[in-house]
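> missing the sequence, but the structure's below:
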């Protein structure tokens with residue numbers, strides 16, 4: 001199937017071609033015709049499957065077909081859970097709609113609202129927004145949603161996870177009851193089906209692929225290592241593999257900042273992206289990463305679903321997440337659009353339980369290895385397992401140049 005066969009306008013086909021796409025992805029192939037028919041949609045699609053274009057293209061097609069007299073009013077509302085995702089969806093709307101007479105904008109918190117308000121006053125057809133900022137500007141009388149014809153809930157499951165249910169319910173009451181509703185979610189959980197039941201009418205259910213297929217597209221590897229040796233092993237892996245671009249995940253904001261400092265000291269330019277960073281800082285870090293100005297982007301799980309980095313070859317879990325589903329979202333940043341991807345996890349003794357939970361979710365065992373010189377101290381080596389003699393820990397020994405401590409010093413010092 002081709003984009004032409006989907007019945008999209010020539011202006012949209014030109015925009016698609018300009019971005020280098022020739023064939024629709026499975027989610028696009030299934031969702032676009034249904035949306036063009038005017039049906040409500042409940043779609044299950046992981047990030048990286050082309051879902052954004054799956055609703056953006058037919059949305060632009062439908063809105064451009066209608067002639068509107070007078071001042072532009074918001075006719076399409078796209079709700080996203082995070083600032084990063086809102087920005088990326090807006091970029092898609094703007095790029096695909098470049099040849100159409102439609103106006104769009106994006107609003108989210110964490111930045112000055114005045115530029116957003118000025119744009120809204122000029123009139124827009126399509127608004128991309130996060131729930132909090134949308135309600136805030138509505139309460140200030142800067143936004144009216146009484147003309148909305150199409151509502152899109154993107155990553156609806158993430159919105160529920162982040163506690164946006166009440167905000168969504170409030171926003172629903174601000175729009176006309178007669179409208180088209182498009183809901184996209186990574187899973188069809190009970191909570192999602194309950195939310196869909198209160199919003200969608202006679203919806204077409206679209207599922208591009210079974211859950212967790214992201215993990216099947218990505219090569220995975222787990223290194224068993226002591227917690228104290230993680231940074232040294234991480235640096236060795238980056239240098240040995242000659243990684244030019246790597247996304248690294250930590251569990252905490254403090255850990256992300258501290259790891260960035262350590263990487264910078266070893267000649268690996270890095271930036272952190274997490275909730276304590278301002279929106280401008282996060283946008284700048286992502287921009288520099290995409291442009292190749294920094295090699296490592298260190299992120300917490302706030303970025304797991306919101307980042308869109310084309311052809312990202314490597315993801316490293318410096319620390320495993322304590323929620324197994326977050327692992328799938330993390331490694332889903334790589335292996336996209338059919339490209340090869342590698343996800344590496346550094347697993348300490350205190351994270352073995354997390355690893356088992358992840359493998360249970362994926363229904364597969366992640367290959368594991370131990371790097372020479374970085375053997376975990378909490379596990380006996382093969383020789384120690386087979387030996388009946390206990391080592392004399394009081395006996396003084398000369399420094400072994402091949403020991404883990406000496407090798408670690410070499411790794412940390414080789415790229416100063």
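Noted; the coordinates are in hand. This structure is a prediction, so every number in the text was calculated from the model and none was measured. Residues are numbered from 1 along each chain as shown.

> for residue 151, which three-state class applies?
Classification of residue 151 using DSSP: H, G, I helix; E, B strand; the rest coil returns strand.

> for it, grab the count of nearby residues.
Per other CB atoms under 10 Å, the neighbour tally for residue 151 reads 22. Backbone N, C-alpha and C define where each C-beta goes, glycine included.

> any idea how far it is from residue 131?
Distance, residue 151 to residue 131, by CB to CB, to the nearest Å: 12 Å.

> cool, residue 197 as well?
Residue 197 sits 20 Å away from residue 131, going by CB to CB.

> next one: residue 244
37 Å.

> among those two, which residue is more densely surrounded?
The neighbour comparison of residue 244 against residue 131 (other CB under 10 Å) goes to residue 131, with 23 against 10.

> is it true that the more buried one touches residue 166?
No. Distance between residue 131 and residue 166: 9.1 Å, which falls outside the contact criterion (CB atoms under 8 Å).

> share the number of residues neighbouring the closest residue to residue 201 other than its chain neighbours, please.
Distances taken as CB to CB, 6 or more residues apart in numbering put residue 40 closest to residue 201, at 5.3 Å, once the chain neighbours are dropped. By other CB under 10 Å, the residues close to residue 40 number 21.

> pLDDT at residue 40, what is it?
Residue 40 is assigned 95 on the pLDDT scale.

> in the stretch 251-400 of the chain, mark out all the strands, start to finish.
If DSSP state E, counting those that start in this stretch is used as the criterion, the strands of the stretch 251-400 of the chain fall at 270-273, 296-299, 314-317, 342-347, 368-369.

> which strands or helices does the second one pack on?
Going back to what we said before, that points to strand 296-299. Judged by 3 or more CB pairs under 8 Å, 6 or more residues apart in numbering; DSSP states H and E, strand 296-299 is in contact with strand 246-249, helix 253-265, strand 270-273, helix 279-290.

> can you tell me what sits against that strand?
238, 246-250, 256, 259-260, 263, 268-274, 285-286, 289, 307, 318 (CB atoms under 8 Å, 6 or more residues apart in numbering).

> out of the residues you listed, which are buried?
Taking 16 or more other CB atoms under 10 Å as the criterion, what is buried in the contacts of strand 296-299 is 238, 246-250, 256, 259-260, 263, 268, 270-274, 285-286, 289, 307, 318.

> residues contacting residue 2?
22, 23, 24.

> below-threshold pLDDT in the stretch 251-400 of the chain: ranges please.
Scanning the stretch 251-400 of the chain for pLDDT under 70 picks out 302-308, 310, 335-340, 378-400.

> now for residue 59: which residues touch it?
So residue 59 contacts 35, 76, 93, 126, 150, 152, 182 (CB under 8 Å, 6+ apart).

> quick revisit: can you pick the most crowded of the contacts of residue 2?
Neighbour-wise, the contacts of residue 2 (other CB under 10 Å) top out at residue 24, 22 neighbours.

> tell me how the chain divides into domains.
Listed by automatic domain parsing, the domain ranges of the chain are 4-207, 213-388+396-413.

> from start to finish, how long is the longest one in a straight line?
In this case it means domain 4-207. 22 Å (CA to CA, to the nearest Å).

> and that domain, how far from the chain's centre?
17 Å (CA atoms, centre = their mean, to the nearest Å).

> next, count neighbours for residue 294.
21.

> tell me the contacts of it?
Per CB under 8 Å, 6+ apart, neighbours of residue 294: 269, 270, 271, 285, 288.

> tell me the phi and psi of it?
phi -130, psi 150 (degrees, to the nearest 10).

> what about it, distance to residue 278?
Residue 294 sits 17 Å away from residue 278, going by CB to CB.

> how about residue 290?
Applying CB to CB, the value for residue 290 to residue 278 is 19 Å.

> okay, the two: which has more neighbours?
Neighbours per residue (other CB under 10 Å) separate residue 290 from residue 278, with residue 290 holding more: 16 against 10.

> correct me, but that one touches residue 309?
Yes. At 6.3 Å, residue 290 and residue 309 qualify as touching, with contact defined as CB under 8 Å.

> circling back to that earlier point, wait, which of the helices and strands packed on strand 296-299 is closest to residue 116?
helix 279-290 (11.6 Å; CB to CB).

> just the residues contacting that closest one, thanks.
Residues contacting helix 279-290 (CB under 8 Å, 6+ apart): 83-84, 87, 108-111, 245, 271-273, 277, 294, 297, 307, 309.

> can you get me a residue count around the closest residue to residue 342 other than its chain neighbours?
Nearest residue to residue 342 in three dimensions, chain neighbours excluded: residue 219, at 4.9 Å (CB to CB, 6+ apart). The burial count assigned to residue 219 is 13, neighbours taken as other CB under 10 Å.

> does residue 38 count as helix, strand or coil?
Residue 38 - assigned by three-state DSSP - is coil.

> residues near it, how many?
Neighbour tally, residue 38, other CB under 10 Å: 11.

> tell me the backbone dihedrals of it, please.
Torsion angles, degrees, to the nearest 10, at residue 38: phi 90, psi 10.

> let me see the contact set for it.
With CB under 8 Å, 6+ apart, residue 38 has these contacts: 62, 180.

> mind doing that once more with 7 Å?
Under the criterion of CB atoms under 7 Å, 6 or more residues apart in numbering, the contact list for residue 38 reads residue 180.
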